[in-house]
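Asks: Give me the fold of what follows.
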Amino acid sequence: SAFIFHQPKSGSTLLTNLISANDPKGTRIVSEPDAIHEIVSCRKCSEEMKTRVLKDTIYFLGRINTDKSSTSSSSSTTTAAATISPSLYIKLTASSTAPGLSLLTSAYPDTKWIFVHRDPNTVLQKLMNDRSERRRCDEPLKRSPGPHVTEYLASFEGKSGSSSNSKINSKNNKLFKKKGHPMLQTGEQTCAAYLATNLVLARAALSSRASSRMGLEVDYDKDITDEVGMERIFAFLDIEVTEGSGAAKRMQEQRNKRAGSPIRKEWKGEAPLTVTDTVASATAQFSPYGEGEAASY
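Replies: Got it, this is the predicted structure:
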């Protein structure tokens, strides 16, 4: 039914929970499957191979086993018949957005997709406050930013604050594995560039004639936390909320759940977040709309 791309810490889990709560029995959510991430991130695979394996993988992810009795001409047997769930939503990992957006939208041109994001300063600060996420920004992403981030960084070459140690393009990505990319000296810079790349690619796809009618940009603060915004999302996905079905109550329960709580404690809102100068500087440095305009994207 739809692919859900997203920035990290942007409410994508709440969104999928709201979709599922509307019709639990008729909805299948596949959340961040490693298999799809490995496929879209494969740098040695041809586009043809990735597309073929991707379609096979999604086919199997969408299958459900339903016991049905079938009678053959020779004997009566009970078999497990595989069927396809009527409403399948696949939420991709945030790191799958850059390499996977073009591949998935071209492989499934008639499937709708959503890109979820929120204020970049808030997202980046949340990443920096999370020890494991900060380690990812400090090490693997810094040393191997990937072709999409590297290409995005090339647009900043020669600008104020950028490094001129070497020409930055996708061909010299190997040079960064030992010393790291010259423009990515801190974890804040690395993840700020990664977030900006995702946003630029998503908005480029939304502006193209080929996929604009199938895509929707979703802002956490303006859409997911707002009833009118959720109505817009549901309308885009052709989801109807049936009155009297208990869907509204289930959806409200999802909103009230405390994220990550095994005992479903009531959520009382996010704790106050202080954005550091280092975070604000990094988002402004790699803002696709000019330095100092980070808060607008």
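Asks: in the stretch 151-297 of the chain, which spans are strands?
Replies: 215-219 (DSSP state E, counting those that start in this stretch).
Asks: and if you look at the stretch 1-150 of the chain?
Replies: Assigned by DSSP E, counting those that start in this stretch, the strands in the stretch 1-150 of the chain fall at 2-6, 28-31, 63-71, 76-84, 88-91, 112-117.
Asks: With T111 as the reference, measure out to G62.
Replies: 12 Å (Cβ to Cβ, to the nearest Å). To be clear about C-beta, it is placed using only N, CA and C from the backbone, and glycine gets the same treatment.
Asks: What of Q125?
Replies: 33 Å.
Asks: Which of the two has more residues huddled nearby?
Replies: Q125 (21 against 16; other Cβ atoms under 10 Å).
Asks: Now for that one: which residues touch it?
Replies: By Cβ atoms under 8 Å, 6 or more residues apart in numbering, the contact list for Q125 reads L273, T274, V275, T276, V279.
Asks: change it to 6 Å
Replies: Going by Cβ atoms under 6 Å, 6 or more residues apart in numbering, Q125 touches L273, V275, V279.
Asks: Kindly report the same for L61.
Replies: Applying Cβ under 6 Å, 6+ apart, we find L61 in contact with V30.
Asks: how about 10 Å then?
Replies: R28, V30, P33, A35, I36, S85, L88, I90 (Cβ atoms under 10 Å, 6 or more residues apart in numbering).
Asks: again, but for R52
Replies: I39, C45, S46, A107.
Asks: now R232
Replies: Applying Cβ under 10 Å, 6+ apart to R232 gives the contacts L216, V218, K222, D223, D226.
Asks: By neighbour count, which of the residues you listed wins?
Replies: Of those, with other Cβ under 10 Å as the count, V218 tops at 24 neighbours.
Asks: How many neighbouring residues does the closest residue to it other than its chain neighbours have?
Replies: Of all residues not flanking V218 in the chain, V116 sits nearest, at 4.7 Å (Cβ to Cβ, 6 or more residues apart in numbering). Per other Cβ under 10 Å, the neighbour tally for V116 reads 27.
Asks: wait, isn't P145 in contact with P182?
Replies: No. In this structure P145 lies outside contact range of P182 using Cβ atoms under 10 Å: 11.1 Å.
Asks: Those two: which is more packed in?
Replies: When P145 and P182 are compared for neighbours, P145 comes out ahead with 24 against 16, by other Cβ under 10 Å.
Asks: Leaving out sequence neighbours, find the closest residue to that one.
Replies: Going by Cβ to Cβ, 6+ apart, P145 has H181 as its nearest residue, at 5.5 Å.
Asks: Could you double-check that the one you found sits in contact with P147?
Replies: No. H181 is not in contact with P147 according to Cβ under 10 Å; the separation is 12.0 Å.
Asks: Same drill for those two, tell me which one is more crowded.
Replies: Shown here are H181 and P147; by other Cβ under 10 Å, H181 has more neighbours (26 against 14).
Asks: Could you check how far that one is from I36?
Replies: According to Cβ to Cβ, H181 stands 26 Å off from I36.
Asks: can you count the residues close to the closest residue in space to K112 that isn't next to it in sequence?
Replies: Nearest residue to K112, sequence neighbours excluded (Cβ to Cβ, 6+ apart): A2, at 4.5 Å. The number of residues packed near A2 is 22, by other Cβ under 10 Å.
Asks: Now do the contacts for A2.
Replies: Counting by Cβ under 10 Å, 6+ apart, A2 touches 19, 87-91, 108, 111-114, 214-216, 233, 236-239.
Asks: Wait, F234 touches S1, no?
Replies: No. F234 lies out of contact with S1 (Cβ under 10 Å); the separation is 11.8 Å.
Asks: which residues do those two both contact?
Replies: Each of I19 lies in contact with both F234 and S1 under the rule Cβ under 10 Å, 6+ apart.
Asks: Run through the helices of the chain in chain order.
Replies: Counting by DSSP state H, the chain has helices at residues 12-22, 34-41, 47-61, 97-107, 120-129, 131-138, 140-143, 146-154, 176-179, 187-207, 227-236, 247-256, 277-285.
Asks: Any chance of JSON lines for these, columns mean pLDDT and distance to H6?
Replies: Output for these, formatted as JSON lines (pLDDT from 0 to 100; distance: least, Cβ to Cβ, whole Å):
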{"stretch": "helix 12-22", "mean pLDDT": "90", "distance to H6": "4"}
{"stretch": "helix 34-41", "mean pLDDT": "94", "distance to H6": "13"}
{"stretch": "helix 47-61", "mean pLDDT": "95", "distance to H6": "18"}
{"stretch": "helix 97-107", "mean pLDDT": "92", "distance to H6": "7"}
{"stretch": "helix 120-129", "mean pLDDT": "95", "distance to H6": "10"}
{"stretch": "helix 131-138", "mean pLDDT": "88", "distance to H6": "14"}
{"stretch": "helix 140-143", "mean pLDDT": "79", "distance to H6": "17"}
{"stretch": "helix 146-154", "mean pLDDT": "89", "distance to H6": "16"}
{"stretch": "helix 176-179", "mean pLDDT": "56", "distance to H6": "26"}
{"stretch": "helix 187-207", "mean pLDDT": "93", "distance to H6": "9"}
{"stretch": "helix 227-236", "mean pLDDT": "91", "distance to H6": "13"}
{"stretch": "helix 247-256", "mean pLDDT": "70", "distance to H6": "17"}
{"stretch": "helix 277-285", "mean pLDDT": "95", "distance to H6": "17"}
